[in-house]
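Asker: model this:
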Amino acid sequence: MSLHYGQTVGELLESHLKDQEFSTLIQEKRSLFVIDCGSIELQEDRGFQTIAQQFCVGRHESSLLILSRNTVKTVQQLARIQRPATTIKLSGLVDQDALKILKAQGIQGESDCKKLIDSYRGNPQLLLLAAERIKRFCGGKLESFMLHKTSFASDYVRRVIQEYRMKQLSLCELRILDILIQSDQDSPKWIAFSELMARLSSDGETASMSELIEALEKWEGMSLIESDEDPNTGEATFILPPATRKVLMRSSLNTFVSQSQPA
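Answerer: All right, here's what the predicted structure looks like:
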């Protein structure tokens, strides 16, 4: 079932099933309910929370699968109290599988192909888009494409950023993005959580740690930023993917970021 803009999960289920049928399917038949949110942010109202909890109690063999760009907090909360719920973040393709996409489009050169795969983080949709255009405009010659450092992920990232309504970000959120952009000016650099917090405080920001964590978790869930664990300290570190950084540097976001700079 595909969720539409402004629609709740309860309304979605009602449009496909009657309440009695829903309860019967869960309890009496082994059923799989799949809800595809697409680019729509799931409304986690009381009705949705009740529906999600129904799949975590009682004796039945039914399951609920939610496809969402954003992290579903209700599922995380159920997992924390040891209910049968979990969140799985889809990652990019491994090099071997991603290479098959490029080779199928006639793109050669394993070394450059791996650089391309890394720049798109193994995203199959973006790799296919890039391969089709490289084949059409560059005659399949990847070296010409890599020479000009072009990215076809910009349209996708720009759409995500527009849907997230970047112009409605708080000054603190804008400052966080500004720090991430500045840390990546010359070459990609992972920035530690403690450094982010320290730089916000030194700039006179009134951001709390919880506000910083909430922003980072949301952007990471939308794949606008990436995180990793420092092998020495175990601390979380963050970086902007190439496509995200390119869009933010070229967009009007810079105007808003400049407004967040301390006087």
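
Asker: how close does the residue lying closest to Phe193 once chain neighbours are set aside sit to Met209?
Answerer: Nearest residue to Phe193, sequence neighbours excluded (Cβ to Cβ, 6 or more residues apart in numbering): Ala236, at 4.7 Å. For glycine as for every other residue, the C-beta is placed from the backbone atoms N, C-alpha and C. Applying Cβ to Cβ, to the nearest Å, the value for Ala236 to Met209 is 12 Å.

Asker: give me the more crowded residue out of these two.
Answerer: Neighbour count, other Cβ atoms under 10 Å: between Ala236 and Met209, Ala236 has more, with 17 against 10.

Asker: residue ranges with poor pLDDT in the stretch 101-250 of the chain?
Answerer: 148-168, 184-187, 203-207, 249-250 (pLDDT under 70).

Asker: next one: the residue nearest the centre of the chain from Arg30, what distance?
Answerer: Using Cα atoms, centre = their mean, the residue of the chain that lies closest to the mean C-alpha position is Met222, 2.1 Å off. Between Met222 and Arg30 the distance is 33 Å, computed by Cβ to Cβ.

Asker: which residues touch Trp190?
Answerer: Applying Cβ atoms under 8 Å, 6 or more residues apart in numbering to Trp190 gives the contacts 228, 230, 237-239.

Asker: ok, of those, which come out buried?
Answerer: 237-239 (16 or more other Cβ atoms under 10 Å).

Asker: need these in TSV with secondary structure, can you?
Answerer: Formatted as TSV, the buried ones among the contacts of Trp190 follow (DSSP: H, G, I helix; E, B strand; the rest coil):
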residue	secondary structure
Thr237	strand
Phe238	strand
Ile239	strand
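
Asker: so Arg245 touches Gln182, yeah?
Answerer: No. Here Arg245 lies out of contact with Gln182, judged by Cβ atoms under 8 Å, at a distance of 10.6 Å.

Asker: neighbour count winner among those two?
Answerer: Arg245 (20 against 12).

Asker: check the secondary structure at the more buried one for me.
Answerer: Arg245 - assigned by three-state DSSP - is helix.

Asker: for Gln7, see how far away it is.
Answerer: For Arg245 relative to Gln7 (Cβ to Cβ), the value is 34 Å.

Asker: same check on Asp36?
Answerer: Asp36 is 12 Å from Gln7, by Cβ to Cβ.
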